[in-house]
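> quick check, what structure comes out for this input:
(2 chains)
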Number of protein chains: 2
Amino acid sequence: MAKNKGVRSYDDDDELSGCNWMEYILVIVLSCLLLLAALVLVIFWSIHYRGGYSWTEDPKRHFNLHPSLMILGFITLSGFSMLLYRISRCCRHIWVKLFHTILHALAVPCIALAALTIYENKNVQDPPQPHFYSLHSWMGFITVGLFGLQFVVGFFSFLVLLCCEGATAACRAAMVPLHASFGLITFMMAIATCLTGITQRVYLTIGDQYGSFPQEAMIINALAMVLIATGVFMAYALKRRDFRYAGRILVSSNDI
Amino acid sequence: MAKNKGVRSYDDDDELSGCNWMEYILVIVLSCLLLLAALVLVIFWSIHYRGGYSWTEDPKRHFNLHPSLMILGFITLSGFSMLLYRISRCCRHIWVKLFHTILHALAVPCIALAALTIYENKNVQDPPQPHFYSLHSWMGFITVGLFGLQFVVGFFSFLVLLCCEGATAACRAAMVPLHASFGLITFMMAIATCLTGITQRVYLTIGDQYGSFPQEAMIINALAMVLIATGVFMAYALKRRDFRYAGRILVSSNDI
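Here you go, the predicted structure:
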């Protein structure tokens, strides 16, 4: 998409050139693979080592919904949503925003169900476990709050765009860098929360056997390493100025 | 410092203006307070709840050297070193580089002693504990490796600057963005490693009592929250383009 007069953009208008394309494709492909690998590993861990999934009738298997759905919502779906927004180079920006919103909207029920799962799971245990005492739960609370705030602001901004764009263009444009920064902070917080959750889970399930290098612990550590690599590659893909599309239009004359 | 001809810089030359100064000062002051708060909290935790410090004759108190020295080296000293590099506006760039190097050099013995402490601490326990099985240790290994690599590259780059600057200017200039990016990655990895270490320690010391909200656990959670806030503020202070000094010269005609 060529850049038009009357277009406002926060990005530099650098086109990707030469061997930068190779780096760009490599980073995007690796980011996608890592987002999927995290999901595959957590499902594999849950099914192969923790007996799979169930509802509240089996608290141990019921718990497995929590990490799997959290990683699906916070990491895989949110990650693809952010990548899609950054890399889209082929269609009108309003469609990019629509798919960005849809992918995040798909993450909402995953995260809500995952949060509900751990809340119920603690209640159905014998004896019932207290809530919100651990560092992991504090971090999870903040991360869910940030995600919710981001989603509401983004969703209403998108609705406003559809309804009364012109009058709100400056306001929406001013919010874009804030939304992007808090989006990356939320993603990094989600990864850090996963890491504390993984550590906590290892000590609550494998416990003293952790030091004897059981296969399950190595899979869990590998999952954590994939999450860390995801954080690094996603930050690189999202923040590298060269990777931003030259013609990416945040608020165009068409929108106004 | 006015910008001269022949100066190469990777930064935009935006001067801070008006109310941006308030935001700039607020972010820098809060970052400094958080860097100190993390150190104060870990020392308070070690002395007040864990009996203070000792050498190997008392393994429990010996362990306390590990978190305190790691936070001193990886968070407080490295954090101040990076902040100093970003905000310096008053003196020749070679002096900024010198203090940046000195602060990181001060972090080296802290980190080395902290790593040695946990290695020895596991050996002197009864029975001796295995090494490098936990996620925290894997993350620590990577973080120490990144820090070491960054320090060696930065240190030799600084030495080269002092000895034969002209011939290496282009090479050194090309490394600056890489060094800055990996510096921030190392700092974030250090925070994430602290969070997993804190979680691990809570389960190994407080254990089942964690759920009854003991005062010690709340102090530990507060330390983790301070570390998270430090990560957010430091990333903001280091990455915000407006905060970069207009006259900051990476490789000047004087250096060459």
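> helix or strand right after the helix or strand harbouring A:Ala170?
Per DSSP states H and E, A:Ala170 falls inside helix A:165-205. Following helix A:165-205 in sequence order, the next helix or strand is helix A:215-239 (DSSP H and E).
> in that next one, what's buried?
By 16 or more other C-beta atoms under 10 Å in any protein chain shown, the buried positions in helix A:215-239 come out as A:216-217, A:219-239. Glycine gets a C-beta too; all of them are placed from N, C-alpha and C.
> does chain B sit close to it?
Yes - on the criterion C-beta under 8 Å from any C-beta of the partner chain, helix A:215-239 is in touch with chain B at A:217, A:220-221, A:224-225, A:228, A:231-232, A:235-236, A:239.
> what residue in the stretch 101-250 of chain A comes nearest to chain B?
As assessed by C-beta to the nearest C-beta, chain B sits closest to A:Tyr203 within the stretch 101-250 of chain A, at 4.0 Å.
> contacting residues for that residue?
By C-beta atoms under 8 Å, 6 or more residues apart in numbering or on different chains, the contact set of A:Tyr203 is A:210, B:200, B:203-204.
> now with 7 Å?
Contacts here follow C-beta atoms under 7 Å, 6 or more residues apart in numbering or on different chains; on that basis A:Tyr203 touches B:200, B:203.
> so what's A:Asp58 closest to, chain neighbours aside?
Of all residues not flanking A:Asp58 in the chain, A:Gly51 sits nearest, at 7.9 Å (C-beta to C-beta, 6 or more residues apart in numbering or on different chains).
> how close does that neighbour get to B:Tyr236?
When distance is defined by C-beta to C-beta, to the nearest Å, A:Gly51 is 43 Å away from B:Tyr236.
> again, but for A:Glu120
From A:Glu120 over to B:Tyr236 (counting by C-beta to C-beta), the distance is 37 Å.
> output the below-cut-off pLDDT ranges for the stretch 1-150 of chain A.
The stretch 1-150 of chain A contains residues with pLDDT under 70 at A:1-16, A:18.
> all helices for it, in order.
Secondary structure of the stretch 1-150 of chain A by DSSP state H, counting those that start in this stretch: the helices cover A:20-44, A:59-63, A:65-70, A:78-87, A:93-124, A:135-163.
> now render the ones you listed as TSV, adding distance to B:Ala38 and mean neighbour count.
Below are the helices of the stretch 1-150 of chain A laid out as TSV (distance: least, C-beta to C-beta, whole Å; neighbours: other C-beta atoms under 10 Å in any protein chain shown):
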stretch	distance to B:Ala38	mean neighbour count
helix A:20-44	29	17
helix A:59-63	32	18
helix A:65-70	27	23
helix A:78-87	28	22
helix A:93-124	28	17
helix A:135-163	14	17
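> adding distance to chain B, write the ones you listed out as TSV.
Listed next are those as TSV, based on distance: least, C-beta to the nearest C-beta, whole Å:
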stretch	distance to chain B
helix A:20-44	13
helix A:59-63	16
helix A:65-70	14
helix A:78-87	16
helix A:93-124	9
helix A:135-163	5
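> so which of these comes closest to B:Ala114?
Among these, the nearest to B:Ala114 by C-beta to C-beta is helix A:135-163 (20.6 Å).
> any idea of the angle the closest one forms with helix A:165-205?
Relative orientation of helix A:135-163 versus helix A:165-205 (axes from the mean of the first three to the mean of the last three C-alpha atoms, to 10 degrees): 160 degrees.
> roughly how far out does helix A:135-163 sit from the chain middle?
Centroid displacement of helix A:135-163 relative to its chain, using C-alpha atoms, centre = their mean, to the nearest Å, is 12 Å.
> and what of stretch A:77-91?
Remark: stretch A:77-91 is offset 12 Å from the chain centroid, using C-alpha atoms, centre = their mean.
> ditto for stretch A:54-74
Centroid separation for stretch A:54-74 versus its chain: 18 Å, with C-alpha atoms, centre = their mean.
> put the alpha carbons of that stretch into PDB.
The C-alpha coordinates for stretch A:54-74 follow below in PDB (Å, rounded to 0.1, in the frame of the first residue of the first chain):
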ATOM      1  CA  SER A  54     -11.000 -33.500  33.100                       C
ATOM      2  CA  TRP A  55     -13.500 -31.300  34.800                       C
ATOM      3  CA  THR A  56     -13.700 -31.000  38.600                       C
ATOM      4  CA  GLU A  57     -14.400 -34.700  39.300                       C
ATOM      5  CA  ASP A  58     -10.600 -35.300  39.100                       C
ATOM      6  CA  PRO A  59      -8.800 -32.300  40.700                       C
ATOM      7  CA  LYS A  60      -5.300 -33.400  39.500                       C
ATOM      8  CA  ARG A  61      -6.400 -33.700  35.900                       C
ATOM      9  CA  HIS A  62      -8.700 -30.700  36.200                       C
ATOM     10  CA  PHE A  63      -5.600 -28.600  37.100                       C
ATOM     11  CA  ASN A  64      -4.000 -29.400  33.700                       C
ATOM     12  CA  LEU A  65      -6.500 -27.100  32.000                       C
ATOM     13  CA  HIS A  66      -4.900 -24.100  33.700                       C
ATOM     14  CA  PRO A  67      -1.400 -24.100  32.200                       C
ATOM     15  CA  SER A  68      -2.600 -25.300  28.800                       C
ATOM     16  CA  LEU A  69      -5.400 -22.700  28.400                       C
ATOM     17  CA  MET A  70      -3.200 -19.900  29.800                       C
ATOM     18  CA  ILE A  71      -0.400 -20.700  27.300                       C
ATOM     19  CA  LEU A  72      -3.000 -21.000  24.500                       C
ATOM     20  CA  GLY A  73      -4.500 -17.600  25.300                       C
ATOM     21  CA  PHE A  74      -1.700 -15.500  26.700                       C
END
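> and the contacts of that stretch?
For stretch A:54-74, contacts defined as C-beta under 7 Å, 6+ apart pick out A:38-39, A:42-43, A:46, A:50-53, A:107, A:110-111, A:113-114, A:117-118, A:120-121, A:124-125, A:190, A:194, A:197.
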